[in-house]
Structures are given as C-alpha cells and as structure tokens.
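> attaching a predicted model along with its sequence, questions to come.
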Amino acid sequence: MPRSLHLCRPSTCPFVSNLVSRSDATLPWSNRQLRPNPSSLHWVARSIDASPLCGPSQARTPQSYSSLLGRCAETRCLLDVRRVQTHLIKTALCPTLLGHKLVDAYLKCSSVSDARGVFDEMPERHVVTWNSMIASYIKRRRSEEAVELYERMMSEGVFPDEYTFSSVFKAFSDLGRVAGGQRAHGLAVVLGLEVSNVFVGSALVDMYAKFGRMRDAQLVADRVTDQDVVLLTALIVGYVQHGEEFKAQAVFSDMVRKGIKPNEFTLASTLIGCANSADLKSGKSIHACIVKAGFDYAIASQTSLLTMYSKCGIIDDSFKVFNYLANPNLVTWTSLIVGLVQNGREEIALLKFREMLQNSVNPNSFTLSSVLRACSSLAMLETGKQIHAVLTKYGLVRNGYAGVALIDLYGKCGMAEMARSVFDRLIDIDVVSMNSMIYGYAVNGMGQEALELYNRMKDLELEQNQVTFVAVLLACSNAGLVEEGWQIFSYLRDSRETELRRDHYACMVDLLGRSGRLEEAEMLVTQMNNPDLVMWRTLLSACRVHGDVKTAERAMKKVLELAPGDEGTHVLLSNLYAATCNWSQLIEMKSTMRDMKLKKNPAVSWVEVDREVHTFMAGDLSHLGSKEILNTLEELIEKVRNLGYIPDTRYVLQDLDEEKKETSLYYHSEKLALAFALSRTKNKTNSVRILKNLRVCGDCHSWMKYVSVAVGREIVARDAKRYHHIKDGLCSCRDYW
DNA sequence: ATAGGGTTAG
C-alpha cells in the first residue's frame, strides 16, 4: 500500500476510508491510522485483537505484544507505537520486557522523548534498556543526558557492560570531561572489559585521541588482545589529527604487517596524514593500496586522495581523482574547491562551485568559507556578497569559519564597516576572528580601531598570538602611529612570553622607516641576528618614500649579498633614482639590469564589473572596450587638468622626452582599469574599486585624487600593500604608503 | 534485544 494514502483524510473521503477498512487485514500496521476516529481506545483494542499478527486468543500474551511492537519498530510508525502503549498500560504484563520493547520501538521511530517517558515509568530496567537509551542520546549528540543516565544506572545498582562502555566514552570526549572518562575507564578495567572487548577498546582509543592524550590511546591499544581494523583506524586518526603523521604511518605499516586489512576509512585517514605532511611518496603508495584493494569508487578514500594530491600541490591529479568518481558528494566537491583555492586557482574554484550547485549539491560552511576565500583573493566583492546572501539563507553567517572568511573578504575589499558588522554578530569571538578584524582595520589604515580591538582582547583575556601582533603592528604602520607601535614592539621585546619574529621586526622597521626615522629603522635591522632579505627590502622601500639614497645604497648592498640578481631590488632602487632625479645612477642601474637580463614584474590592475573580472596591463590596449576606455580616459584627463593635475613624470623610468613620458603615464594599468570601470558604471554614484598587483604609482595616486573630485565618486584602490580610499580629493592613506 | 573508527575550513 503506497504511503501517499496518508494524504487522504478519512473524513472527507468515505470511499477511500471504506476501501481501506475492507482490505484492512492485508495492510501493514502503519496504514491503520486511515481508519475513522483513529485515536479511539476502542479502536486500538479491536485492531489489536483483529491483527493478523495476533489473533483474539493470543492478543493478551506478552509474546503477542512483543511481536506487535517489533512490527511497529520495523515500519517506523510512531502513531502505532503510541496506540500499542495506550493499550498496554491497561495490562500488567511483563513490564521489564515489554517496557524495553516499547522503548526500543520508540527509539526506532526516532522519538527519544516518548522512549524516555516509558523508560522513566518502568519499575525496573534491564541493562539492555539502559544501553539503548544511552546509545541513542549519544547518536543525537545529547551527551549530557547520556552521561547522566550512565551515572544513574550505577546508583540504581545496574552495572554497565561492554555495550555501555563502547558508547559512553564518546559522550565524555564530546563534553571534554577527561576526569569522568578516566573514571569510567577505571571501571571498565575493574570489570575486565578494557582488554577483552575490542569495541570497548576502540571507543577508549577514540576518546583518548579526542582528548589529545595519544600516549594513553596507544597504551590502551597495546593492551587490547584482539586488535582490529576499527581500533587501529581510531589510533591512526588520533595521530593524524595531532600532527604525528610519522606515528600514524607506523601504525599503518604495522597493521599491514600483522595481516589486519585496512579498509576505506583506514586508507582515508592515513592519506590525510600524508596530505598534512605533504608526503607525496607515502601518499602514492597508499594510492596503490587503494587500487589493489579495489576501493577505487569508495568515496571517503577517494576524497582523501584528492586532498592529498592538492596539498602536495598536484592539483591536476586531484582533478583526475575527482573526474573518476561518478557521484561526488558534498565533501568531495568541497575538497576539490578547497584544493583549487589553496593552489591559487580561484577562478576554477568558483566555476566548480557553480557546477556543484547545478548538480543540486547544497554547500555547507566548509564549502562557502572556501569559496569566500577565492572571492577575497580575487577581490570579487559582488560574488562575495552573493555568497554572504547564501550564508544568510543557510543561517551560517554567525559560524566562526564562514564569519572569518566574510571579515577577510570585506576587509580586503576595503569595507571595514561591513567586516565589523559581521564580526559583531559572531557567536564566538576567538583569536582568529579578532586577528582578521584587526588585520582588516590594518589594511584599511584604521589604526585607532585596530588598537581598540587589540586592547579589548587584553580585557577579555583572549590569548594573543604572533598573528595578532603582526596585524596590530601593521595597523600602526599603515596609520603612522609610531609611538603606539613602538610601545607594543618594546613590550613584546621585553616580555619573555612571545618570541619576536622577523615579521614583527619588519613591521616596526616599516613603521619607523615610513615616518622618516630611517636611522632608528636601520639600527633595528642591524640589531637583529641575521636580518634577512625581507628586512633590508623593507628598509629599502622606506628609503624610496623618503628619498634617502645613502641608506638605500647600503640596504641594497645587503639585499644583493643575500639575493644576487634580485629583480625587485633593482626596480626599487631605480624607482628611487628616478624619484630623486639621480639620472646617471638610474642609467647605470638600467644597464646593469639589462646585463643581468632582469625584467620588471609586469604591473597588472583589474576591476570587477557585473561580476566579471577585467584585467589591464600598462599600455595594453587590446581590451574589448579599448575604444571606450580611451574616450573616457581623454575626458578624465581634460577634466583633471582643469582641476590642477600635473603629470608627475618622475614615475616614468624610460628615457623618453617629456611628452612621451606623459603619454606613457596615461596608459598605466590602474588608469586603464579605472577608466574602464567608470565608463561601465557611468550613471552610478557608488564607489569604484580597482586592484593592482604592485604598489600604486605616485602619479596615478595623485591622478585618482583629482578624478574622485571630477566624477564625484569614491575610488577604492587596493595595491600590493594596502587600501586607498580616495574621496573628494583626499586619500585615507594621507599620501603615506 | 543494545556497541566502536572516516573524508572538507580561518
């Protein structure tokens, strides 16, 4: 009988109702509710008597009720169980056995509350009933109630058995109750169940692994007499999740040697170990095991295989694994997307995400936070906002991971306020979310806001880590807060708590250098042991900003000692020579660069219009809309010249005459991108956002300030270093970058 | 009658 009959209401459809009652004897239990007046007690009584399972003569024996409940449990029909219970209450037959049957039937019908109701009414309960009740609480992650029952059963004089233990440890690990778990473990030892039952043993191994007590997990595993694949897999998972890939690998080889056959899950977990340690060689040997064992289509191990290849940087092989699978599930899709994002293939990640949706696979917070990371690296704000909407739809905006990804996106897209509103709605604020928010303020030059959060972290006694200090120092640096930065830096240097890292020094050198205190900056670099490339380069760029040729040359010497033939350095110094009109040095530098066959990393700017990314290179007029770009550019140039803009040809490194220098300035990638964006969004008043892979050029920076006045719109420009919010002729960086 | 391990993220 099709279940859809449930949709028919008996009272409105007498014909169907008749039909059903006539053929009643052949119906499964679950359709009896179609009868008129289904809740009547009389009806229950009659139907039980009339049931084909138990004729009138057997109707009142415990066996008949027992098998009736068995049928109800099989058909998973809650209403039937309730009816039998109603009938049963009037009898006083075998309460322990039938009570258990009722509890069991309710649990099979997924009604824990009904089961618990019966459970509580029972005068005495068998250990099996306790076990069923505890196990279903655990299955539903109601660990608190599971532990409560476990403790109550003992106080009522019922001893836990191997079934109890094999499920109850999970509740302790879920609640993080180490002491309680250990006490239960002690009892299991006393009852002789730790060593003799592999179910108990593996539950224990799993619990200790989840507590991070791998030594205890290993000790239990070693004591269990008949180790099996599940127990050893639990051990491997523990080692992998605590970064001991080597030991995981050892357990794996050991089990193979002992002749215990790894299954799909064992292979999956071992592979994650290979992925985490980027151990391609072991990963490939596990791949061979998978093929040999015939797990080619097993989803878990294939997903791990995909992850392993992508973490080893071989994303093409991840694709091969993925394409081989007929039915990738959500996790598989997500793994592929994550791998693509981690390997810098963000565009393909977004394509795959769309394909996933088209295949009716719904994303979760894992998927969406990865997709958001793709959006923020490409600074695709519009797409990111759509993902924000999807997160809202699934109720995931307050989720920590997704929230942090959103904060990063908005921070990196120059929308610190949006980032903050996401931040303020997070359910849990932790170090990572704090760091992202501080970093978001930092790249947007909002130093005070960053410091405020930093202080709030201290008030909340949130542990601060290396990332926190880098972010807050960067914030000081980008906002020119020298004193505040110096204070934090010296606090770090004097306290023994945190080890100062290269990045902290680099931020401080940057901060000192850019505020013109080049002497102190240089001193800080020389005070470090083994200052590396980054340090000298940081000093060098500070020299460029302040036109300090002498210090620059010392820094450059050091850089070239550490990295002979470093192109960035040559470019930086030639920028400096150009800016300070040291033409002879510039020419010399250029010929050295030519001799060394050094080429400038080409400048690229891009812009998102109508959810599409358009890329521009300096002087590249091959873009589809190049005619409209040139027209807009010309219009803009005329307007800004009237406002007082004068091209700053110091930023042209080629040896051209002045007029040609000016023209070459006009075709800088950021100008092309801005002109394009403006021409495509002519009748809009919101801000335009452009992005550049290198630092924004000085002339373009000043040009954009004029343009913001000319078109009356805010221009948000992200360069390699930070954000520039340009509005009404002023920039948030206060011409300091 | 009741039981144990797995794959995706900042």
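Cool, got the structure. Numbering: from 1, shown residues only, chains lettered A, B, ... in the order given.

> drop to CA atoms for contacts and neighbour counts, all remaining ones
OK.

> could I get the buried residue list for stretch A:181-195?
Buried residues in stretch A:181-195, counting neighbours by 16 or more other Cα atoms under 10 Å, are found at A:G181, A:Q182, A:A184, A:H185, A:L187, A:A188, A:L193, A:E194, A:V195.

> if you look at those residues, which of them are in helices?
A:G181, A:Q182, A:A184, A:H185, A:L187, A:A188 (DSSP state H).

> let me see the contact set for the fourth one.
Remark: with contacts taken as Cα atoms under 8 Å, 6 or more residues apart in numbering, A:H185 is in contact with A:E194, A:L204.

> in which helix or strand does the residue of the stretch 501-650 of chain A found nearest DNA strand B reside?
Per Cα to the nearest atom of the strand, A:D503 is where the stretch 501-650 of chain A lies closest to DNA strand B, at 17.2 Å. Element membership for A:D503 (DSSP states H and E) is helix A:502-514.

> again with A:T225
Using DSSP H and E, no helix or strand contains A:T225.

> surely it meets A:V195?
Yes - contact criterion Cα atoms under 8 Å: A:T225 and A:V195 qualify, at 6.0 Å.

> what's the closest of the ones in helices among the buried residues of stretch A:181-195 to DNA strand B?
Distances from DNA strand B to these, taken by Cα to the nearest atom of the strand, are shortest for A:A188, at 12.1 Å.

> how near is the closest residue to that closest one other than its chain neighbours to DNA strand B?
Among residues not flanking A:A188 along the chain, A:E194 sits closest, at 5.6 Å (Cα to Cα, 6 or more residues apart in numbering). For A:E194, the distance to DNA strand B equals 11 Å [Cα to the nearest atom of the strand, to the nearest Å].

> ditto for A:N399
Distance, A:N399 to DNA strand B, using Cα to the nearest atom of the strand: 7 Å.

> residues near that residue, how many?
For A:N399, the number of neighbouring residues by other Cα atoms under 10 Å comes to 17.

> same thing with the one 10 residues further on?
As a burial measure, A:L409 scores 29 neighbours (other Cα under 10 Å).

> contact partners of the helix or strand where it lies?
Assigned by DSSP H and E, A:L409 belongs to helix A:400-412. Here helix A:400-412 makes contact (Cα under 8 Å, 6+ apart) with A:365-366, A:368-370, A:372-373, A:375-376, A:379, A:381, A:384, A:388, A:391, A:396-397, A:416, A:418-420, A:422-423, A:426-429, A:432-433, A:436-437, A:439-441, A:443-444.

> what's the next secondary structure element after that helix?
Downstream of helix A:400-412 (by DSSP H and E), the next one is helix A:416-425.

> same question for that next one: list its buried residues.
Buried residues in helix A:416-425, counted by 16+ other Cα under 10 Å: A:A416, A:M418, A:A419, A:R420, A:V422, A:F423.

> now swap in stretch A:68-87 and tell me
Applying 16+ other Cα under 10 Å to stretch A:68-87 flags A:68-73, A:75-85, A:87 as buried.

> those in helices, which ones?
Among the buried residues of stretch A:68-87, the members falling in helices (DSSP H) are A:68-73, A:75, A:78-85, A:87.

> most widely separated two among those?
Greatest spacing in those, by Cα to Cα: A:T75 and A:H87 (18.8 Å).

> the residue nearest to A:A188 contacts A:D226, doesn't it?
No - counting by Cα under 8 Å, A:E194 does not reach A:D226; the two are 11.3 Å apart.

> show me what the lengthiest helix in chain A is packed up against.
Ranked by residue count and defined by DSSP H, the top helix of chain A is helix A:626-642. Contacts defined by 3 or more Cα pairs under 8 Å, 6 or more residues apart in numbering; DSSP states H and E place helix A:626-642 against helix A:669-680, helix A:698-711.

> between those, which one is nearest to A:K458?
With Cα to Cα, the closest approach to A:K458 among the helices and strands packed on helix A:626-642 belongs to helix A:698-711: 37.3 Å.

> quick one on the thing from earlier: and the average pLDDT for the longest helix of chain A is what?
What helix A:626-642 shows for mean pLDDT is 83.

> kindly calculate the angle that the helix or strand following it makes with helix A:669-680.
Using DSSP H and E, the next helix or strand after helix A:626-642 towards the C-terminus is helix A:658-666. Following axes from the mean of the first three to the mean of the last three Cα atoms, to 10 degrees, one obtains 60 degrees for the angle between helix A:658-666 and helix A:669-680.

> now helix A:658-666 - C-alpha only, PDB.
The C-alpha coordinates for helix A:658-666 follow below in PDB (Å, rounded to 0.1, in the frame of the first residue of the first chain):
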ATOM      1  CA  GLU A 658      58.600  64.800 -21.600                       C
ATOM      2  CA  GLU A 659      55.600  64.500 -23.900                       C
ATOM      3  CA  LYS A 660      56.100  60.800 -24.400                       C
ATOM      4  CA  LYS A 661      56.600  60.300 -20.700                       C
ATOM      5  CA  GLU A 662      53.300  61.900 -20.100                       C
ATOM      6  CA  THR A 663      51.600  59.700 -22.600                       C
ATOM      7  CA  SER A 664      53.200  56.600 -21.100                       C
ATOM      8  CA  LEU A 665      51.800  57.700 -17.700                       C
ATOM      9  CA  TYR A 666      48.300  57.800 -19.100                       C
END
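
> and that helix, what's buried?
For helix A:658-666, burial by neighbour count (16+ other Cα under 10 Å) applies to A:K661, A:E662, A:S664, A:L665, A:Y666.

> the first one and DNA strand B: what is the separation?
Between A:K661 and DNA strand B the distance, using Cα to the nearest atom of the strand, works out to 42 Å.

> before we move on, the earlier item: could the helices and strands packed on helix A:626-642 go into CSV alongside distance to DNA strand B?
Putting the helices and strands packed on helix A:626-642 into CSV (distance: least, Cα to the nearest atom of the strand, whole Å) gives the following:
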stretch, distance to DNA strand B
helix A:669-680, 28
helix A:698-711, 30
